[in-house]
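**Student:** My questions are about this predicted structure, shown below with the sequence.
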Amino acid sequence: MHRTLDGSPDGTPGRGLPVRSGAPSAPRSGSPAGEATRDGDDVEQRLEALERQLLQTEKMASIGQLAAGIAHEINNPMGFIHANLVQLAEYADDLKSVWQRVEALRDALDDGEPDEIGEARRALDQRCEEVDAAFVLSDLHKAVRESLEGAERIRHIVQDLRAFAHHGSESPEPADLNACLDSTANICWTLMKHSVALSREYRALPRVVCRPLQIKQVFMNLLVNAYQAIEARAGDEGARGEIRLRTAPCPGGVSVVVEDDGIGIAPEHRERIFEPFFTTKEVGVGVGLGLSTSYEIVRRHGGRLEVTSEPGRGARFELFLPAAPEDVETASEPREPA
Amino acid sequence: MPPTTRPVLLLVDDEASILTALRRTLRGSGFAIETASSADAALRRLERGDVAAVLSDQKMPGRSGVELLRVVARRWPNVARVLLTGWPEEVPPAVRAELGLRALLPKPWDADALRALLGTLAPAARASSAAR
């Protein structure tokens, strides 16, 4: 059974993506799937099944990349935590052997024999020097502190993962888009931190009624695309690119902007990027369903997804989503000049 | 008798805590340990001379460990080269051969294996560390 956990379009009965026949021409016409003629039922079902599979593939390609990034992010702290613990065990052995000499000295002091005391004292000094006790004592707490910092980093990664995966109820609910965007950005950060500077400018937002996991899927799609555009421009020198995230209230709702300074989109492509199966990426990187799915998700939420771009000058994706009805008043602030 | 200077081991990783942890593990290895947090910083240090061995992380911003060691192999072929990586499968045998690596170490690393490796890299260093 092909049910996705997040209630995305392919998992919701009767609301599959509109079936496209032949060439991808006009954008979604809004016609619900499943209203085909009796003759076309079979074909439609198979096409829907194929689309669901491809959507999964698209998701898995992104998820695969993210998983690799997250694994790396966890592996580094694990590396030094492990190394520090091994070292701390050695320090413990060293200090234990010093302590044994201390006890021997205590015994000698109790006995009161000067020769014995002198002997025990020399043995203690020797042991301290052999293990470099002064260094061990100075380094021990540092090793513990650094390991705790590493553990804290891993804890945050896990928290971010849980925040991202959390989908609450299956039905739409009022959500804070800043939180959705932020948890998605935190997850994506692990993937892209080596080549991307990420800036976040969040304004206070009215809540939006949505399926948060679907919206996070859109955010992830936009972020991964931005990252790939930057990688495409950077080539081998590893020059850093920038992704800017901006949220702001606007009349009737919320605006979210994901902007990058990557390779940009050619004018002839710009008109087609929301089409299903349209892709300029290499085989295996994605099948070209990410943006069409995002477009569809946003549309179903009563919103809009728009792109502005020029080749070589990055791209700017803007998402508009309507505010929850009771929050509409707070959404009526005029939009900031771009 | 002139004092013997310890050979220099250059550790390269963009993560400061990894460098500190490596230092801990390698204390008493007989090497004088220096660190760099990027390939470019490492190259600048190498240009000043007298580095005996380089141990580098693979994934770093800017140039990767493989790219760094490629340059080292070309410009300072006598400097021993070791790559440290959490993704050993991403460094195929052909690349390891091309770089002339002494070893490819996984992350997390095994302390004893790392010390043993360092021991083989500098016999003089091994003699001085045996005195500990």
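**Tutor:** Yep, that arrived. Numbering: from 1, shown residues only, chains lettered A, B, ... in the order given.
**Student:** What parts of chain B come near chain A?
**Tutor:** Contact residues, chain B versus chain A (Cβ under 8 Å from any Cβ of the partner chain): B:15, B:17-18, B:20-22, B:24-25, B:27, B:59-63, B:86-87, B:107-109, B:111, B:132. C-betas here are computed from N, CA, C, even on glycine.
**Student:** secondary structure class for the residue nearest the centre of chain B?
**Tutor:** Geometric centre of chain B, nearest residue: B:Leu55, 1.6 Å, by Cα atoms, centre = their mean. Secondary structure, DSSP: H, G, I helix; E, B strand; the rest coil: B:Leu55 is strand.
**Student:** worst-scoring helix or strand of chain B, pLDDT-wise?
**Tutor:** helix B:123-130 (a mean of 44; mean pLDDT, DSSP states H and E).
**Student:** Then chain A?
**Tutor:** helix A:267-270 (a mean of 82).
**Student:** which intervals of chain B have sub-threshold pLDDT?
**Tutor:** B:1-4, B:122-132 (pLDDT under 70).
**Student:** quick one: the strands in it?
**Tutor:** Under the criterion DSSP state E, strands of chain B are mapped to B:8-12, B:32-36, B:51-57, B:80-85, B:103-106.
**Student:** Repeat that for chain A.
**Tutor:** A:173-175, A:196-201, A:208-210, A:241-250, A:253-260, A:304-309, A:315-322.
**Student:** The ones you listed: which one's closest to A:Gln100?
**Tutor:** Distance to A:Gln100, taken as Cβ to Cβ, is lowest for strand A:196-201 among these, at 53.4 Å.
**Student:** Partner strands of that closest one, with direction?
**Tutor:** strand A:241-250 (parallel) (DSSP bridges).
**Student:** could you pull out the helices for chain B?
**Tutor:** For chain B, the helices defined by DSSP state H occupy B:16-26, B:39-47, B:65-75, B:93-99, B:111-121, B:123-130.
**Student:** my bad, should have said chain A
**Tutor:** Using DSSP H, helices in chain A cover A:41-111, A:114-131, A:133-165, A:177-192, A:212-234, A:267-270, A:290-300.
**Student:** export the helices of chain B to CSV and tack on distance to A:Arg313?
**Tutor:** Listed next are the helices of chain B as CSV, based on distance: least, Cβ to Cβ, whole Å:
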stretch, distance to A:Arg313
helix B:16-26, 36
helix B:39-47, 28
helix B:65-75, 28
helix B:93-99, 35
helix B:111-121, 47
helix B:123-130, 54
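**Student:** circling back: would you single out the least confident of the helices of chain A?
**Tutor:** Across those, helix A:267-270 has the smallest mean pLDDT, namely a mean of 82.
**Student:** ok, residues contacting it?
**Tutor:** A:Phe278, A:Thr280, A:Val307, A:Ser309, A:Glu310, A:Pro311 (Cβ atoms under 8 Å, 6 or more residues apart in numbering or on different chains).
**Student:** what sits against the residue nearest to the centre of chain B?
**Tutor:** B:Leu9, B:Leu10, B:Leu11, B:Val12, B:Leu22, B:Val82, B:Leu83, B:Leu84, B:Leu105.
**Student:** Which two of those residues have the greatest separation?
**Tutor:** B:Leu10 and B:Leu105 (15.1 Å).
**Student:** Between those two, point out the one with more neighbours.
**Tutor:** B:Leu10 (22 against 18; other Cβ atoms under 10 Å in any protein chain shown).
**Student:** still on that earlier bit, and the contacts of B:Leu55, which is closest to chain A?
**Tutor:** B:Leu22 (7.1 Å; Cβ to the nearest Cβ).
**Student:** Surely that closest one is in contact with B:Val12?
**Tutor:** No - applying Cβ atoms under 8 Å as the test, B:Leu22 and B:Val12 come out as separate, 10.0 Å apart.
**Student:** These two: which is more packed in?
**Tutor:** B:Val12 (28 against 24).
**Student:** The more buried one contacts B:Ala36, doesn't it?
**Tutor:** Yes - using Cβ under 8 Å, B:Val12 is in contact with B:Ala36, at 4.9 Å.
**Student:** what touches both of these two?
**Tutor:** Common neighbours of B:Val12 and B:Ala36 (Cβ under 8 Å, 6+ apart) are B:Ala42.
**Student:** quick one: A:Val136 from A:Val86, how far?
**Tutor:** To A:Val86, A:Val136 is 14 Å away according to Cβ to Cβ, to the nearest Å.
**Student:** returning to that earlier point: can you tell me which of the strands of chain A is nearest to A:Arg121?
**Tutor:** Comparing these by Cβ to Cβ, strand A:196-201 comes nearest, at 59.1 Å.
**Student:** Tell me the buried residues in that closest one?
**Tutor:** Neighbour-count burial for strand A:196-201 flags A:Val196, A:Leu198 (criterion: 16 or more other Cβ atoms under 10 Å in any protein chain shown).
**Student:** what pLDDT, on average, does that strand get?
**Tutor:** For strand A:196-201, the mean confidence score works out to 93.
**Student:** For the most centrally placed residue in chain A, give me its contacts.
**Tutor:** For chain A, the residue nearest the mean C-alpha position is A:Ile187 (1.6 Å; Cα atoms, centre = their mean). If a contact means Cβ under 8 Å, 6+ apart, then A:Ile187 has A:Leu66, A:Ile70, A:Asp160, A:Leu161, A:Phe164, A:Met220 as its contacts.
**Student:** List buried residues within these.
**Tutor:** A:Leu66, A:Ile70, A:Asp160, A:Leu161, A:Phe164, A:Met220.
**Student:** how near is the fifth one to A:Asn186?
**Tutor:** Distance check for A:Phe164 against A:Asn186: by Cβ to Cβ, it reads 8 Å.
**Student:** Could you do the last one as well?
**Tutor:** Here the criterion is Cβ to Cβ. By it, A:Met220 lies 11 Å from A:Asn186.
**Student:** Look at A:Tyr295 and say how many residues are nearby.
**Tutor:** Neighbours of A:Tyr295 (other Cβ under 10 Å): 24.
**Student:** returning to what we had before: what's the most buried one of the helices of chain B?
**Tutor:** helix B:16-26 (a mean of 21; mean count of other Cβ atoms under 10 Å in any protein chain shown).
**Student:** Please name every helix or strand in contact with that one.
**Tutor:** When contacts are defined as 3 or more Cβ pairs under 8 Å, 6 or more residues apart in numbering or on different chains; DSSP states H and E, helix B:16-26 packs onto helix A:41-111, helix A:133-165, strand B:8-12, strand B:32-36, helix B:111-121.
**Student:** Contact residues of chain A facing chain B?
**Tutor:** A:71-72, A:75-80, A:82-84, A:86-87, A:130, A:135, A:139, A:142-143, A:146, A:149-150, A:193-195, A:238, A:240.
**Student:** and if we set it to 6 Å?
**Tutor:** A:75-76, A:78-80, A:82-84, A:86-87, A:146, A:194, A:238 (Cβ under 6 Å from any Cβ of the partner chain).
**Student:** Turn these into CSV, including neighbour count.
**Tutor:** Output for those, formatted as CSV (neighbours: other Cβ atoms under 10 Å in any protein chain shown):
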residue, neighbour count
A:Asn75, 17
A:Asn76, 22
A:Met78, 18
A:Gly79, 24
A:Phe80, 28
A:His82, 18
A:Ala83, 27
A:Asn84, 25
A:Val86, 17
A:Gln87, 21
A:Glu146, 21
A:His194, 16
A:Gly238, 16
